[in-house]
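J.: no FASTA, just this:
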């Protein structure tokens, strides 16, 4: 609730980035459950694999224009940082 209150919105837009856990569905489900229960809108940004990575324009729309809060999963931080650098997500975050 503390993070949500910092957005200044009753139902903030939350972006879930699960790259450190290689975009696993189970981690997405458990990680976003509390936000869903509070009525937040959630967008999942899947960038661990090339085939699921959106265009740079779409990533900008989601992360910069739409998100009120960005949630990053735990896991392999080195993999995530290297992947984000290779696709430019590090600059958007």
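T.: Received, thanks. Bear in mind that the values here come from a model prediction, so they are computed numbers and not experimental data.
J.: just the strands in this protein please.
T.: 13-17, 41-45, 69-72 (DSSP state E).
J.: Give the buried residues for the second one.
T.: Along strand 41-45, these residues count as buried under the neighbour rule (16 or more other Cβ atoms under 10 Å): 42, 45. No exception for glycine: its C-beta is placed from N, CA and C like everyone else's.
J.: could you say what helices and strands it packs with?
T.: In terms of contacts (3 or more Cβ pairs under 8 Å, 6 or more residues apart in numbering; DSSP states H and E), strand 41-45 is packed against strand 13-17, helix 25-37.
J.: what lines up beside the shortest one in the sheet?
T.: On the basis of DSSP bridges, the sheet neighbours of strand 13-17 come out as strand 41-45 (parallel), strand 69-72 (parallel).
J.: coming back round to it: of all the helices and strands packed on strand 41-45, which one comes closest to residue 51?
T.: Smallest distance to residue 51 across the helices and strands packed on strand 41-45 (Cβ to Cβ): 15.5 Å, for helix 25-37.
J.: So what's the model's average confidence on the closest one?
T.: Mean pLDDT, helix 25-37: 97.
J.: by contact count, what packs against that helix?
T.: strand 13-17, strand 41-45, strand 69-72.
J.: Arrange those strands in a markdown table, one row each, with distance to residue 3 as further columns.
T.: What follows is the helices and strands packed on helix 25-37, written out as a markdown table (distance: least, Cβ to Cβ, whole Å):
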| stretch | distance to residue 3 |
| --- | --- |
| strand 13-17 | 9 |
| strand 41-45 | 13 |
| strand 69-72 | 6 |
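J.: TSV for these, including mean pLDDT and distance to residue 34?
T.: Output for the helices and strands packed on helix 25-37, formatted as TSV (pLDDT from 0 to 100; distance: least, Cβ to Cβ, whole Å):
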stretch	mean pLDDT	distance to residue 34
strand 13-17	98	10
strand 41-45	98	11
strand 69-72	97	10
